[in-house]
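Chemist: how does the following fold in three dimensions:
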Amino acid sequence: MKNGTTHLFVPGPTNIPDAVRRAMNVPMQDMRAPDYPELTLPLFADLKKVFRTESGVVFIYPGSGTGAWEASISNTLNRGDRVLMSRFGQFSHLWVDMAERLGLVVDCVDVEWGEGVPVEEYQRRLGDDKRGEIKAVFVTQNETATGVTSDVAGVRRALDTTGHDALLFVDGVSSIGSIDFRMDEWGVDIAVTGSQKGLMLPAGLGILAVSEKALEAHKQSRMERCYFSFEDMRASFTTGFFPYTPPTQMLHGLRAALDLMLAEGLDNIIARHHRLAQGIRQGVHAWGLRLCAKEEKWWSNTVSAIVVPESIDARQVIANGYSKYRTSFGAGLSKVAGRVFRIAHLGDLNEVMCLAALASAEMSLRDAGARIEPGCGVAAAQEWYRAEIARDLQSLRECAA
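Modeler: Model prediction:
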């Protein structure tokens, strides 16, 4: 039966609001028309609000977050440059792999999956680098594979404490627009995201925000690049055009998505993601299960990676959800394949949608053999959401009074 909605709880692509889908359903238009900048220039300005930067420059590439990763490296560094990175999940691993394949010398700190960026170890290594050989420090703010969020501000403090001048790169693909991120305040030099996560669009746009310091580094970079060239982009987008064919329908969708985000308010979006994530976590704990994230300080507000009991194969849980209950959960990747399944709580989402995710997960877990009391996770989340909504309503009444 195909009645009703097929439920999507993977950490990207995320659910697309109807207003965004409708905005993309427009005829093709001339990308060189004199009024085209009326669409594009406000997008660059409003994306700066999402990154929380006034001084940074935003680049939009037809591509993905991975393409934006490559643009960030190839435009600011040189082959043979030493960089400091850490690896604690599939996506931080892929960033290390890309850096090595592009010719960087990676000083990699391997961390147990379920933990995040090792700030103290970063500080130690930066302090030992008396000759300033480390040219950039990389931080995966939100490791989607394990549901771990790292302390970007802490890495900035480590750089400042040691007086190190390395560039600070942040992978914010599954965090920017959903989890607190402050480019200017935290002294981030390049931040990367993609359209298919918190921006609530299809995959297809790789977006960067670049500091003045990174643009100065760009002048010294001699790494090969063509499609991702900052020079070509800057020569065009300052007037509202692109150096190659832009995905115009995606840009209309981005306009609608940014309108929704600015109307809700970034602080409110961040608070909503925290509230929804806490409800999911209440449900997980009521099942008697634990998160892959080792400590509360690592808990992600955009995705929960849930460790299944020893006797259960998480792949069967995911298969049950899809084949029986028309629900897509995120799979465990690489080292955690078969050991975890993931519930994403990211983007266009509300409390009742999260309850649906928990209900489907409960049935899928029980079908796979897990001994879970029916309804216990849903009930725990319900009580959390009821209390939080009542508290918020009371605060609004007090403000109105």
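Chemist: quick one: the helices in the stretch 51-200 of the chain, in order.
Modeler: 65-74, 90-101, 119-128, 152-162 (DSSP state H, counting those that start in this stretch).
Chemist: against Gln382, how distant is Arg275?
Modeler: 13 Å (CB to CB, to the nearest Å). All C-beta atoms are positioned from the backbone trio N, CA, C, and that covers glycine.
Chemist: centroid-nearest residue for the chain?
Modeler: Against the mean C-alpha coordinate of the chain, by CA atoms, centre = their mean, the closest residue is Ser174 at 1.0 Å.
Chemist: can you pull the contacts of it?
Modeler: Pro11, Gly12, Asn142, Thr144, Lys197, Gly198, Thr302, Val303, Leu346 (CB atoms under 8 Å, 6 or more residues apart in numbering).
Chemist: before we move on, the earlier item: need the winner for burial among the helices of the stretch 51-200 of the chain.
Modeler: With neighbours defined as mean count of other CB atoms under 10 Å, these peak in mean count at helix 65-74, which reaches a mean of 24.
Chemist: so what does that one touch, helix or strand wise?
Modeler: strand 57-62, helix 90-101, strand 167-171, strand 190-194, strand 205-210 (3 or more CB pairs under 8 Å, 6 or more residues apart in numbering; DSSP states H and E).
Chemist: report the longest helix in this structure, please.
Modeler: helix 376-400 (DSSP state H).
Chemist: mean confidence score for that one?
Modeler: Helix 376-400 carries an average pLDDT of 90.
Chemist: and if you look at stretch 275-295?
Modeler: Averaging pLDDT residue by residue across stretch 275-295 gives 98.
Chemist: ditto for stretch 28-47
Modeler: 96.
Chemist: hang on, the earlier thing: please produce JSON lines containing the helices of the stretch 51-200 of the chain, extended by distance to Lys49 and mean pLDDT.
Modeler: Output for those, formatted as JSON lines (distance: least, CB to CB, whole Å; pLDDT from 0 to 100):
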{"stretch": "helix 65-74", "distance to Lys49": "18", "mean pLDDT": "96"}
{"stretch": "helix 90-101", "distance to Lys49": "25", "mean pLDDT": "97"}
{"stretch": "helix 119-128", "distance to Lys49": "27", "mean pLDDT": "98"}
{"stretch": "helix 152-162", "distance to Lys49": "18", "mean pLDDT": "98"}
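Chemist: so for Arg255, which of those sits nearest?
Modeler: helix 65-74 (19.5 Å; CB to CB).
Chemist: just the buried positions in stretch 374-381, please.
Modeler: By 16 or more other CB atoms under 10 Å, the buried positions in stretch 374-381 come out as Cys376, Gly377, Val378, Ala379, Ala380, Ala381.
Chemist: I meant to write stretch 231-247 there.
Modeler: Met233, Phe237, Gly240, Phe241, Phe242, Pro246, Pro247.
Chemist: gap between the two ends of that stretch?
Modeler: 20 Å (CA to CA, to the nearest Å).
Chemist: rewinding a little: quick one: which of the buried residues of stretch 374-381 is nearest Glu70?
Modeler: Among those, and counting by CB to CB, the member closest to Glu70 is Ala381, at 39.2 Å.
Chemist: and the gap between that closest one and Leu355?
Modeler: Relative to Leu355, and taking CB to CB, Ala381 is found at 6 Å.
Chemist: between these two, which contacts overlap?
Modeler: By CB under 8 Å, 6+ apart, the residues touching both Ala381 and Leu355 are Gly279.
Chemist: Ala381 reaches Gln282, doesn't it?
Modeler: Yes. Ala381 is in contact with Gln282 according to CB atoms under 8 Å; the separation is 5.1 Å.
Chemist: show me the helices in the stretch 201-350 of the chain, by range?
Modeler: 212-220, 230-237, 248-264, 266-286, 314-325.
Chemist: out of the ones you listed, nearest to Leu393?
Modeler: Between the helices of the stretch 201-350 of the chain, helix 266-286 lies closest to Leu393; by CB to CB that is 13.1 Å.
Chemist: how far does that closest one sit from its chain's centre?
Modeler: Centre-to-centre, helix 266-286 and its host chain are 15 Å apart (CA atoms, centre = their mean, to the nearest Å).
Chemist: ok, Arg22 - contacts?
Modeler: So Arg22 contacts Ala256 (CB under 8 Å, 6+ apart).
Chemist: which element is it on?
Modeler: Assigned by DSSP states H and E, Arg22 belongs to helix 18-24.
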